[in-house]
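>>> This is the structure alone, sequence omitted:
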């Protein structure tokens, strides 16, 4: 029998509906694959074995009864940031030790409504703060990809490193992820998978552990553009419980995948051509331009003059919102508690023991920029710069640009424990230099694997779209995927 | 702008995170690294620019001011490290 775990999400959904195999068979195949791989990859922080099989059996019953949902019986991995009732939900943080919510996030509830099966919870950077999955309380995730001729462990990117690694190593058919500054797109690029951050407001944030509320968006990571389109449709939709959820009809995204790019105008922002950009990234970008042109798109140079200010503005806005959101972890309501001589002592000791270094540093930066006397100089200024960043995009779109093509990351995956990156937080932050603008402007962005570097590691391109026009991103992303013509399959060294 | 060790301590206090003396220097240098990085925003002319308050053009939805949820205190305290009679337990706050 063919290995069921290798099927795309679309093929798996089809095979289940035509009863070529059962959800129980498919789910069992994934559970075995996880068991074999997880000691090496550390992608899952909790495997919900019994729940998965029970959900699979229920799916098989619904398929037999003829009332299957659109992704009925398809096994998914869920980032540890999503609240899942009665199940491990800790944002990969020590401070949420033992937390099992009494509620279900809207995004996961939507997936279960459509028939999906939960395999378990996926590793991530603590509270989604990181670009390498090294800040997790559960230890780093290992990238299924290795450089040619090397067995050095590489990072899968972050913060959705567990999601990207699990999808890449065939440990789920697709995974939920979240993106505050690049946390879906950068790990997708590092693992040869596809990841889309939809427009802000498309997916409900309700029940998802908050990091920076004005930037956080959920989205899928999967092995093909079509798979992400199918998943995003199920994840999306208006939710009155999230005051920033947008009341718009969710299109049939999968129907847009083969629409092509004929007649579209693609913008190429000159500010993304960074000094010292590796030649391989420049080449990849040029290929992408050529592929879109060959399929009938016209390509135009554009300017987004405030690009270089997105990252510094982000490192004011995101920590400021985080310091406020993470105030709730106090050792009283849930998770870890370290006793102290009085209530303040309890707070301070609990938070010192429960948060990791990166999280503490960001809370402190956020606390500082919001403190009396600094609020205007830092926070208000950053929000003004954010207005300008968004305006850059609006001007481009008003000028007839349908989508913008950029590299997804400034490099391929790097080694775990890289000393220069560990010593300098700002260097690590530069990983998000191409993705963070999109969060600042609330736009949709997709990362599609498009080539490999000289060491055989995947590289991705990013497409940025108009607000709520994810369909164009799926169509253009599909052209890149098809034109690249590469099967992004790592060697299975982990089993 | 940069922060000194005393300020790092004060920030820790405001953030309710105990910072050991031995950690002060590292935090100070990292925080100053980030403050140095964001300083480039000073190059941007923001005169007459409104600070962003909502990334999507929308006004906040309202609902009728009535109780629409609740009645399950045992669920609320379910994850508490310490609770009694559906109350959260904390060290004595008022003498």
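Structure received. In this text, all values refer to a predicted model and were calculated from it rather than measured experimentally.
>>> what residues are up against residue A:431?
A:131-132, A:157, A:182, A:186, A:409-411 (CB atoms under 8 Å, 6 or more residues apart in numbering or on different chains). The C-beta positions use only the backbone N, C-alpha and C, and glycine is treated the same way.
>>> quick one: which of those has the most company?
Neighbour count (other CB atoms under 10 Å in any protein chain shown) singles out residue A:157 as the most crowded of the contacts of residue A:431, with 38 neighbours.
>>> wait, it sits on residue A:191?
Yes - assessed by CB atoms under 8 Å, residue A:157 is found in contact with residue A:191 at 6.9 Å.
>>> Can you work out which residues contact both of those two?
Going by CB under 8 Å, 6+ apart, residues that sit against residue A:157 and also against residue A:191 are A:143, A:164, A:413.
>>> contacting residues for the second one?
Read that as residue A:164. By CB under 8 Å, 6+ apart, the residues touching residue A:164 are A:156-157, A:175, A:177, A:187-188, A:190-191, A:193, A:195, A:221.
>>> Tell me which stretches of the stretch 101-250 of chain A form helices.
A:106-113, A:161-168, A:185-191, A:225-235 (DSSP state H, counting those that start in this stretch).
>>> so which of the ones you listed comes closest to residue A:125?
helix A:161-168 (6.8 Å; CB to CB).
>>> Give me the mean pLDDT for the closest one.
Average pLDDT, helix A:161-168: 98.
>>> orientation of that helix relative to helix A:225-235 in degrees?
130 degrees (axes from the mean of the first three to the mean of the last three CA atoms, to 10 degrees).
>>> So what's the gap between helix A:161-168 and the chain middle?
Taking CA atoms, centre = their mean, to the nearest Å, one finds the center of helix A:161-168 at 10 Å from the center of the full chain.
>>> So which bits of it are buried?
A:161-168 (16 or more other CB atoms under 10 Å in any protein chain shown).
>>> which among the residues you listed gets closest to residue A:53?
Nearest to residue A:53 among the buried residues of helix A:161-168, counting by CB to CB, is residue A:166 at 18.2 Å.
>>> got any ranges where chain B has weak pLDDT?
Scanning chain B for pLDDT under 70 picks out nothing.
>>> could you pull out the strands for it?
With DSSP state E as the criterion, chain B has strands at B:83-84, B:87-88.
>>> Okay, now the sheet partners of the first one, with direction.
According to DSSP bridges, strand B:83-84 has the following sheet partners: strand B:87-88 (antiparallel).
>>> Correct me if wrong: residue B:79 contacts residue A:90.
No - contact criterion CB under 8 Å: residue B:79 and residue A:90 do not qualify, at 11.0 Å.
>>> The residue sitting nearest the centre point of chain B and residue B:81, how far apart?
Nearest to the geometric centre of chain B sits residue B:15, at 7.0 Å (CA atoms, centre = their mean). Counting by CB to CB, to the nearest Å, the separation of residue B:15 from residue B:81 is 21 Å.
>>> Also residue A:467?
Per CB to CB, residue A:467 is found 43 Å from residue B:81.
>>> Looking at these two, which is more packed in?
Neighbour count, other CB under 10 Å: between residue A:467 and residue B:81, residue A:467 has more, with 22 against 18.
>>> doesn't residue A:199 make contact with the more buried one?
Yes - assessed by CB under 8 Å, residue A:467 is found in contact with residue A:199 at 5.1 Å.
>>> Since that was my last question, I'll sign off now.
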